[in-house]
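>>> following is a predicted model, sequence given first.
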Amino acid sequence: MEIESSVDRISDLPDGVLCHFLSFLPTKVAVLTSILSTRWRYLYTLVSNPDFEMGFWDGNDEEIDAEKSKQFMNFIDRVLFFRNRPSIVNFRLACYQYVDPLRADAWIRA
(Lines give C-alpha, C1' and ligand atoms only; values in the text may rest on other atoms or scores of the structure.)
Protein backbone atom coordinates (compact mmCIF):
# COMPACT_ATOMS: atom_id res chain seq x y z
CA MET A 1 0.00 0.00 0.00
CA GLU A 2 1.44 3.31 -1.08
CA ILE A 3 1.06 6.35 1.17
CA GLU A 4 0.44 9.64 -0.62
CA SER A 5 2.28 12.70 0.56
CA SER A 6 -0.02 15.25 2.14
CA VAL A 7 -1.04 18.14 -0.06
CA ASP A 8 -1.88 21.59 1.29
CA ARG A 9 -4.93 22.48 -0.77
CA ILE A 10 -6.10 25.23 1.58
CA SER A 11 -3.04 27.40 0.97
CA ASP A 12 -3.80 27.28 -2.76
CA LEU A 13 -7.04 29.21 -2.21
CA PRO A 14 -7.10 32.94 -3.08
CA ASP A 15 -6.28 35.48 -0.36
CA GLY A 16 -9.88 36.68 -0.27
CA VAL A 17 -11.18 33.22 0.59
CA LEU A 18 -8.52 32.63 3.24
CA CYS A 19 -9.20 36.04 4.78
CA HIS A 20 -12.89 35.23 4.84
CA PHE A 21 -12.06 32.07 6.85
CA LEU A 22 -9.84 34.10 9.19
CA SER A 23 -12.58 36.69 9.70
CA PHE A 24 -14.51 34.13 11.76
CA LEU A 25 -11.64 33.76 14.23
CA PRO A 26 -10.61 36.02 17.09
CA THR A 27 -7.64 38.13 15.99
CA LYS A 28 -5.33 36.36 18.44
CA VAL A 29 -6.05 33.03 16.70
CA ALA A 30 -5.88 34.56 13.21
CA VAL A 31 -2.40 35.90 14.02
CA LEU A 32 -1.33 32.43 15.17
CA THR A 33 -2.05 31.08 11.67
CA SER A 34 0.92 33.11 10.45
CA ILE A 35 3.25 30.31 11.63
CA LEU A 36 1.63 27.74 9.32
CA SER A 37 3.75 28.71 6.33
CA THR A 38 5.18 31.72 4.55
CA ARG A 39 1.96 31.82 2.51
CA TRP A 40 -0.05 32.51 5.69
CA ARG A 41 2.49 34.82 7.33
CA TYR A 42 0.71 38.14 6.73
CA LEU A 43 -2.82 37.06 5.80
CA TYR A 44 -4.16 38.19 9.17
CA THR A 45 -3.25 41.77 8.18
CA LEU A 46 -5.87 41.62 5.41
CA VAL A 47 -8.83 40.73 7.66
CA SER A 48 -11.31 43.62 7.79
CA ASN A 49 -12.86 42.82 11.16
CA PRO A 50 -10.30 42.71 13.97
CA ASP A 51 -11.70 41.10 17.12
CA PHE A 52 -9.73 41.69 20.32
CA GLU A 53 -10.71 40.25 23.66
CA MET A 54 -8.76 40.46 26.88
CA GLY A 55 -9.98 37.70 29.16
CA PHE A 56 -10.48 37.73 32.89
CA TRP A 57 -7.68 36.89 35.25
CA ASP A 58 -7.25 36.84 38.98
CA GLY A 59 -6.59 40.42 40.02
CA ASN A 60 -4.60 39.65 43.16
CA ASP A 61 -1.29 41.00 41.92
CA GLU A 62 -1.33 44.56 40.56
CA GLU A 63 2.06 44.21 38.86
CA ILE A 64 0.96 41.11 36.95
CA ASP A 65 -2.36 42.78 36.05
CA ALA A 66 -0.55 45.87 34.76
CA GLU A 67 1.86 43.73 32.71
CA LYS A 68 -0.95 41.68 31.14
CA SER A 69 -2.86 44.85 30.31
CA LYS A 70 0.29 46.34 28.75
CA GLN A 71 0.89 43.17 26.70
CA PHE A 72 -2.70 43.24 25.45
CA MET A 73 -2.43 46.90 24.41
CA ASN A 74 0.93 46.26 22.70
CA PHE A 75 -0.58 43.31 20.80
CA ILE A 76 -3.38 45.51 19.45
CA ASP A 77 -0.86 48.22 18.51
CA ARG A 78 1.22 45.70 16.52
CA VAL A 79 -1.75 44.12 14.74
CA LEU A 80 -3.13 47.50 13.66
CA PHE A 81 0.33 48.76 12.67
CA PHE A 82 0.89 45.82 10.29
CA ARG A 83 -2.55 46.00 8.66
CA ASN A 84 -2.51 45.93 4.86
CA ARG A 85 -6.12 46.99 4.39
CA PRO A 86 -7.23 50.59 4.11
CA SER A 87 -10.48 50.14 6.04
CA ILE A 88 -11.92 48.24 8.95
CA VAL A 89 -15.50 47.06 8.51
CA ASN A 90 -16.03 45.91 12.11
CA PHE A 91 -13.85 46.41 15.16
CA ARG A 92 -14.51 44.54 18.38
CA LEU A 93 -12.70 45.36 21.60
CA ALA A 94 -13.68 43.57 24.79
CA CYS A 95 -11.51 44.21 27.81
CA TYR A 96 -12.19 43.43 31.41
CA GLN A 97 -9.16 45.15 32.88
CA TYR A 98 -7.69 48.63 32.53
CA VAL A 99 -6.88 49.82 29.01
CA ASP A 100 -5.40 53.25 28.32
CA PRO A 101 -8.31 55.33 26.96
CA LEU A 102 -6.01 57.35 24.65
CA ARG A 103 -4.74 54.17 23.03
CA ALA A 104 -8.27 52.78 22.72
CA ASP A 105 -9.33 55.99 21.01
CA ALA A 106 -6.38 55.70 18.59
CA TRP A 107 -7.36 52.08 17.77
CA ILE A 108 -10.91 53.09 16.99
CA ARG A 109 -9.73 55.92 14.75
CA ALA A 110 -7.19 53.71 12.94
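Yep, it's here.
>>> verify the contact between Gln97 and Glu62 for me.
No. Using CB atoms under 8 Å, Gln97 is not in contact with Glu62, being 10.8 Å away. Bear in mind the C-beta positions are built from the backbone N, C-alpha and C, glycine included.
>>> the two: which is more packed in?
Shown here are Gln97 and Glu62; by other CB atoms under 10 Å, Gln97 has more neighbours (14 against 8).
>>> could you identify the longest helix within the protein?
The longest helix of the chain (DSSP state H) is helix 62-81.
>>> which residues in the chain form strands?
All strands of the chain, identified by DSSP state E, fall at 51-54, 92-95.
>>> okay, the ones you listed, which one's buried deepest?
strand 51-54 (a mean of 18; mean count of other CB atoms under 10 Å).
>>> count the residues that sit near Tyr96.
Tyr96 sits with 12 neighbouring residues when counted by other CB under 10 Å.
>>> that one and Phe52: what is the separation?
Using CB to CB, to the nearest Å, we find Tyr96 at a distance of 12 Å from Phe52.
>>> same check on Val89?
In terms of CB to CB, Val89 sits 15 Å off from Phe52.
>>> and Ser11, by the same measure?
According to CB to CB, Ser11 stands 26 Å off from Phe52.
>>> could you do Arg83 as well?
Using CB to CB, Arg83 is found at 13 Å from Phe52.
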